[in-house]
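Asks: Fold the following, please.
(one chain, ligands or ions: 1)
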Amino acid sequence: MTDEMKTLFDFLEVPLDDSTSVLERFSGLPGAISSGTGQDRSVYVPGSREDRAVLVAHADTYWPDGPARSSITDLVTDGHTVRSTDPSKGIGADDRAGCAILWLLRDSGHSLLVLDGEEGGRIGANWLMRNRPEIARELNGSHRFMLEFDRRNSRDLKRYYVGTDRFLAYVEKSMPGFRRAMHAPGSEDRSSFTDICTLCSDVCGINVSVGYRNEHTPAECLVLGDWLNTLETARRWLCDSGELPRYPLALND
Ligand SMILES: [Zn+2]
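Replies: Predicted structure coming up:
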C-alpha cells in the first residue's frame with residue numbers, strides 16, 4: 001500500500017463520531033490555530049506561499065450519534081472501492097476522504113482549514129466567521145481562492161453561489177477532466193449549501209469531488225482511483241503550475 005493510501009485509511013479508520021481525533025491531528029501542525037468548542041470547532045493552518053489558496057474539508061460525518069464504530073473491522077475493500085460492513089452506517093468518506101487530501105497537501109504552502117459541524121448546517125464555519133473576524137478577514141483577504149475537498153462522484157466541480165463564471169472556467173482548465181456539476185444536461189447544479197457558502201465573503205470558492213458515492217446512507221462507498229486522481233490533479237495544479245491568480249467574489253464577474 002502506498003503512503004497516500006495509508007494516509008487515506010488512517011482517516012477512514014477514525015470512528016464516525018470522533019471529529020476530535022481528526023481536528024487534533026491538524027492542530028499539531030506548526031502555526032495551527034484551533035477555535036471553538038463542540039461542533040463550533042475548527043483548525044486553521046496558515047500557509048506560507050504568497051499566492052496561497054485555502055484548502056477546506058470537514059472533520060464530522062453524517063453519523064454524529066450512537067456507538068462509535070470499531071474502526072477498521074467495519075471497512076472492507078476489494079482494492080478499488082471501500083465499503084462498510086456495518087448495515088446501519090456508511091464509511092464517513094464524506095468528508096474524511098477530503099481531510100486525508102488536506103493532510104497530504106499540508107506541506108504545499110497553502111492554508112488548511114478543517115471544520116466541525118458541516119453536516120449539522122455549517123456550524124463550525126458559521127461560528128468561525130462570526131467569532132474570529134481576524135481569521136475571516138485573512139481567509140478572504142490573503143488568499144487567491146478556496147477549494148473544498150468535499151463532493152460526491154469522480155470529477156465534479158460545484159461552485160454553489162460563491163464562484164464566478166471566470167473562476168469556474170479557470171478551475172475547469174486547471175483540473176483537466178473535471179467539469180461543473182449538473183442536474184441535467186444544460187442545467188448546472190448550484191443547489192444546497194456547504195462550508196464555502198459561509199466562508200467565502202470576498203473571494204471565490206468551489207467544491208471538488210473526492211470519489212465518494214451514496215453519502216449519508218449505509219451504501220456509502222469510496223472509489224479509490226477517483227480519490228487519488230483528485231489528489232494528483234489538485235497537486236499538479238496547486239503545487240507545480242505557475243502563480244495562482246486571485247478570484248474576487250464580485251457580482252457580475
Ligand atoms: Zn460533506
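Asks: can you pull the contacts of residue 56?
Replies: By C-beta atoms under 8 Å, 6 or more residues apart in numbering, residue 56 lies in contact with 98, 102, 113-115, 146-150, 195-196, 199, 205. (C-beta placed from N, C-alpha, C; glycine too.)
Asks: which one of those has the most neighbours?
Replies: The residue in the contacts of residue 56 with the most neighbours, by other C-beta atoms under 10 Å, is residue 115 (34 neighbours).
Asks: host element of the residue lying closest to that one once chain neighbours are set aside?
Replies: Counting by C-beta to C-beta, 6 or more residues apart in numbering, residue 124 is the residue found nearest to residue 115 once chain neighbours are left out, at 3.8 Å. According to DSSP states H and E, residue 124 maps onto helix 123-131.
Asks: So which bits of the helix or strand following that helix are buried?
Replies: Using DSSP H and E, the next helix or strand after helix 123-131 towards the C-terminus is helix 133-141. Across helix 133-141, burial judged by 16 or more other C-beta atoms under 10 Å covers 135-136, 138-140.
Asks: do the same with stretch 167-174
Replies: 167-168, 170-171, 174.
Asks: What are the contacting residues of the biggest helix by length in the chain?
Replies: As assigned by DSSP state H, the longest helix anywhere in the chain is helix 224-240. Here helix 224-240 makes contact (C-beta under 8 Å, 6+ apart) with 4-5, 8, 53, 55, 77, 79-82, 97, 100-101, 104-105, 108-110, 147, 149, 153-155, 174-178, 208-211, 244.
Asks: Turn the buried ones among those residues into a named ChimeraX selection, would you?
Replies: Buried members of the contacts of helix 224-240, defined by 16+ other C-beta under 10 Å, are picked up in ChimeraX with:
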select :4,8,53,55,82,97,100,101,104,105,108,110,147,149,154,155,174,175,178,208,209,210,211,244
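Asks: Which residues are in contact with the nearest residue to residue 118 once chain neighbours are set aside?
Replies: Once flanking residues are discounted, residue 118 sits nearest to residue 58: 3.6 Å by C-beta to C-beta, 6+ apart. Each residue near residue 58 by C-beta under 8 Å, 6+ apart is listed here: 95, 98-99, 114-119, 124, 150, 195.
Asks: which regions of the stretch 151-253 of the chain lie under the pLDDT threshold?
Replies: 251-253 (pLDDT under 70).
Asks: Would you map the strands across it?
Replies: Using DSSP state E, counting those that start in this stretch, the strands of the stretch 151-253 of the chain run over 156-158, 179-180, 182-184, 187-188, 205-208, 212-213, 221-223.
Asks: Out of those, which one sits most buried?
Replies: Ranked by average neighbour count under the criterion mean count of other C-beta atoms under 10 Å, these are headed by strand 205-208 at a mean of 26.
Asks: ok so, going back, for residue 101, see how far away the residue nearest to residue 118 is.
Replies: Using C-beta to C-beta, to the nearest Å, residue 58 is found at 12 Å from residue 101.
Asks: How about residue 174?
Replies: Remark: distance between residue 174 and residue 101 (C-beta to C-beta) = 16 Å.
Asks: Next up, phi/psi of the residue in the stretch 101-250 of the chain that the ion sits nearest to, please.
Replies: Residue nearest to the ion within the stretch 101-250 of the chain: residue 150 (4.1 Å; C-beta to the ion). When read as degrees, to the nearest 10, the backbone of residue 150 gives phi -170, psi 90.
Asks: Fine by me, we can end here.
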